[in-house]
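Undergrad: got a sequence here, can you model it:
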Amino acid sequence: MAKSRTTIRSELRNDLRIDPNSKVWSDATLNQLIHEGEIEVARRNLTITELETTLNTTAAVGTRAYDLPSDLLRIISVIYDVERITRYQATTIAFNNVNPDTITDSANGLATFIVGQKLQVLGTTNNDGTDKIEVSTVAAGTLTLTTASSVTTEAAGASVTLIGRTNPDHQKSLQRVEDIRQLNQDGFDNIVGYPSKYAIFNNDIYFDKRTKEADVFEITYIQVPAEMAADATNSEIPDELIPLVRLWAQYKAWGQVPGEETKENKALEAFEREVRRQITMRNFDDYALRAYPTANTRGRRGLWGRAVNYIANS
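TA: Residues are numbered from 1 along each chain as shown. From the prediction side, this is the model:
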């Protein structure tokens, strides 16, 4: 169950062990520190699926730099020439041999298909097949096919499945380099081709080559967590990571009080230690932890034992 701002703030005041009447830190101050903690936790190399999202962008031919989304906090992966798959099933799909041939849907469910996709068709009497027809234009109610594609006229009624696939020929996960000058050393200013590396600079993503084709690249990233707008609003950070949020808020809170450097440093050390523990736990094989929760606990051997020892010594 997600925690609300008022619950997190109350827990934070208990952590600080002073100031029950808000004489040192107002609610507004602690709210701001909590949000800073949410951002810092999201920035770390932790798996937070609640904040993961993807952006698909069509590359412009001859271009090397593209704007990053304003809500991006941390990039997880960049895939170039990503394959995009669209699936739709309905009893309202009809096939029309009208030159150019079309596929129509009276339920208007075809808008998610993409120009250039090749279609696999399932469930028809005369039009089943794989990659034999290609989409030329897209509308919610009609897919117009390329002139080289053909279908047999067939009325709606059967449950038909359409699976659209792009056919990328250079799909790859791009390698990140931390210094944009490394891309310059590879001749990134002049070479036209298919990117293999990228760098981040001034909220833009730069490729090591100017893109040769209008291919799609996909950025998977962690979003900036939304600031909780009211006390009843729940945090976007999962419950198991809220203690990290509070530790960061403690660190920032003690930093505002003269003479409390020891408490400030202890809070920061505890935060960094818990981040390392969380990352380590998420790297353990989840199946092994589920399958062998008790087998070697006493002797603390094997994978589970290493987890127990790590927690005990953290």
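
Undergrad: please count neighbours and contacts with C-alpha atoms only from this point.
TA: OK.

Undergrad: who's in contact with the closest residue to H170 other than its chain neighbours?
TA: Leaving aside its sequence neighbours, H170 sits nearest to D81 (CA to CA, 6 or more residues apart in numbering; 6.0 Å). Each residue near D81 by CA atoms under 8 Å, 6 or more residues apart in numbering is listed here: 168-172, 215-218.

Undergrad: give me that answer again for 7 Å
TA: 168, 170-171, 215-217 (CA atoms under 7 Å, 6 or more residues apart in numbering).

Undergrad: ok, now K252?
TA: L33.

Undergrad: separation between the closest residue to P195 other than its chain neighbours and N203?
TA: By the measure of CA to CA, 6+ apart, the closest residue to P195 outside its immediate chain neighbours is K209, 5.2 Å from it. To N203, K209 is 18 Å away according to CA to CA, to the nearest Å.

Undergrad: how far away is A60 from D81?
TA: In terms of CA to CA, A60 sits 12 Å off from D81.

Undergrad: likewise V160?
TA: Taken as CA to CA, the span from V160 to D81 is 29 Å.

Undergrad: likewise L247?
TA: 41 Å.

Undergrad: D67: which of the contacts of D81 is nearest?
TA: Closest approach to D67 among these (CA to CA): F217, at 12.6 Å.

Undergrad: quick one: contacts for the closest one?
TA: 56-59, 79-82.

Undergrad: may I see the PyMOL selection of the buried members of these?
TA: Listed next is the PyMOL selection for buried residues among those, using 16 or more other CA atoms under 10 Å:
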select buried, resi 57+59+79+80+81+82
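
Undergrad: now the contacts of F217 as a markdown table including secondary structure?
TA: Below are the contacts of F217 laid out as a markdown table (DSSP: H, G, I helix; E, B strand; the rest coil):
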| residue | secondary structure |
| --- | --- |
| N56 | strand |
| T57 | strand |
| T58 | strand |
| A59 | coil |
| I79 | strand |
| Y80 | strand |
| D81 | coil |
| V82 | coil |
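
Undergrad: who does I93 form a beta bridge with?
TA: D105 (DSSP bridges).

Undergrad: who touches it in this structure?
TA: 103-106, 156, 160.

Undergrad: list buried members of those by neighbour count.
TA: 103-105, 156, 160.

Undergrad: what helix or strand is the nearest residue to N31 once chain neighbours are set aside on?
TA: Sequence neighbours aside, R9 is the residue nearest to N31 in space, at 6.9 Å (criterion: CA to CA, 6+ apart). Using DSSP states H and E, R9 sits within helix 5-16.

Undergrad: ok, residues contacting that helix?
TA: With CA under 7 Å, 6+ apart, helix 5-16 has contacts from 20, 30-31, 228, 231-235, 246, 250.

Undergrad: could you turn the buried ones of those into a PyMOL selection?
TA: What follows is the PyMOL syntax selecting those of those that are buried according to 16+ other CA under 10 Å:
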select buried, resi 30+31+228+234+235+246+250
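
Undergrad: domain parsing of this structure, as residue ranges.
TA: When the chain is parsed into structural domains using automatic domain parsing, the resulting residue ranges are 5-46+225-313, 49-82+170-223, 85-165.

Undergrad: same question for the second one, mean pLDDT?
TA: The predicted model gives domain 49-82+170-223 an average pLDDT of 90.

Undergrad: now do the same end-to-end measure for stretch 15-28.
TA: The first-to-last residue distance of stretch 15-28 comes to 17 Å (CA to CA).

Undergrad: just the CA coordinates of stretch 110-129, formatted as CSV?
TA: Presented in CSV, the C-alpha positions along stretch 110-129 are these (Å, rounded to 0.1, in the frame of the first residue of the first chain):
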residue,chain,number,x,y,z
LEU,A,110,-6.6,0.3,-36.2
ALA,A,111,-5.0,3.6,-35.3
THR,A,112,-2.1,2.0,-33.3
PHE,A,113,-0.6,0.4,-36.5
ILE,A,114,2.4,2.0,-38.1
VAL,A,115,3.2,2.9,-41.7
GLY,A,116,5.7,0.4,-43.1
GLN,A,117,4.6,-2.5,-40.8
LYS,A,118,4.2,-5.9,-42.4
LEU,A,119,1.1,-7.8,-41.2
GLN,A,120,0.5,-11.3,-40.0
VAL,A,121,-3.1,-12.2,-40.4
LEU,A,122,-4.9,-15.0,-38.4
GLY,A,123,-8.4,-16.2,-38.3
THR,A,124,-9.6,-15.5,-41.9
THR,A,125,-10.8,-17.9,-44.6
ASN,A,126,-8.7,-16.5,-47.4
ASN,A,127,-6.2,-14.0,-46.0
ASP,A,128,-4.1,-15.8,-43.4
GLY,A,129,-0.4,-15.3,-43.8
